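Colleague: here's a sequence, model it:
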Amino acid sequence: MGRHAGREPRVDLRTRLAAWLERVLVGIGAAGVVAVVLRWAGTSVGTAVTVGLAVLVLVPAAAWVASTVPQGDDEAPHTGPHPGHHTGSHGGT
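Modeller: Numbering: from 1, shown residues only. Okay, the predicted model is just below:
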């Protein structure tokens, strides 16, 4: 029972490969930008390359972890006061 009771639909190989390709391309872009900015800021080549490689690995890994989080329920009831309702001593009546 609950939201984890059903099996997830199978995702075809092309969709999975496209998702990983997108993650890797974002990682490559981020690593390149980080390495260039670090060199521009005067960091040594070795440090810029090392940090760039770390970004190259961490960005796709973080994207994969984010993809494993269950999607939120948009129909969930909101808790707390209505956003337009003001109470207290700060200008309320």
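
Colleague: for this structure, which helix is longest?
Modeller: Looking across the chain with DSSP state H, the single longest helix is helix 13-40.

Colleague: buried set for that helix?
Modeller: Arg23, Gly27, Ala30, Ala31, Val34, Ala35, Leu38 (16 or more other Cβ atoms under 10 Å). In short, each C-beta sits where N, CA and C put it, glycine included.

Colleague: taking helix 13-40 as reference, get the angle to whichever helix or strand comes after that helix.
Modeller: As assigned by DSSP states H and E, the chain's next helix or strand after helix 13-40 is helix 45-67. For helix 45-67 against helix 13-40, the angle by axes from the mean of the first three to the mean of the last three Cα atoms, to 10 degrees is 150 degrees.

Colleague: which other helices and strands does helix 45-67 contact?
Modeller: For helix 45-67, the packing partners by 3 or more Cβ pairs under 8 Å, 6 or more residues apart in numbering; DSSP states H and E come out as helix 13-40.

Colleague: for the helix it packs on, give the mean pLDDT please.
Modeller: Averaged over helix 13-40, pLDDT sits at 95.

Colleague: make 41 the starting number, not 1.
Modeller: With the count now opening at 41, the last piece we talked about shows up as helix 53-80.

Colleague: packing partners of it?
Modeller: Helices and strands touching helix 53-80, by 3+ Cβ pairs under 8 Å, 6+ apart, are helix 85-107.

Colleague: so for the helix it packs on, what's the average pLDDT?
Modeller: 96.

Colleague: list the buried residues of it.
Modeller: Here helix 85-107 shows Ala88, Val91, Gly92, Val95, Leu96, Val99, Pro100, Ala103 as buried, counting by 16+ other Cβ under 10 Å.

Colleague: got the residues you listed as TSV, with distance to Arg54 columns?
Modeller: Output for these, formatted as TSV (distance: Cβ to Cβ, whole Å):
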residue	distance to Arg54
Ala88	36
Val91	33
Gly92	30
Val95	27
Leu96	24
Val99	22
Pro100	18
Ala103	18
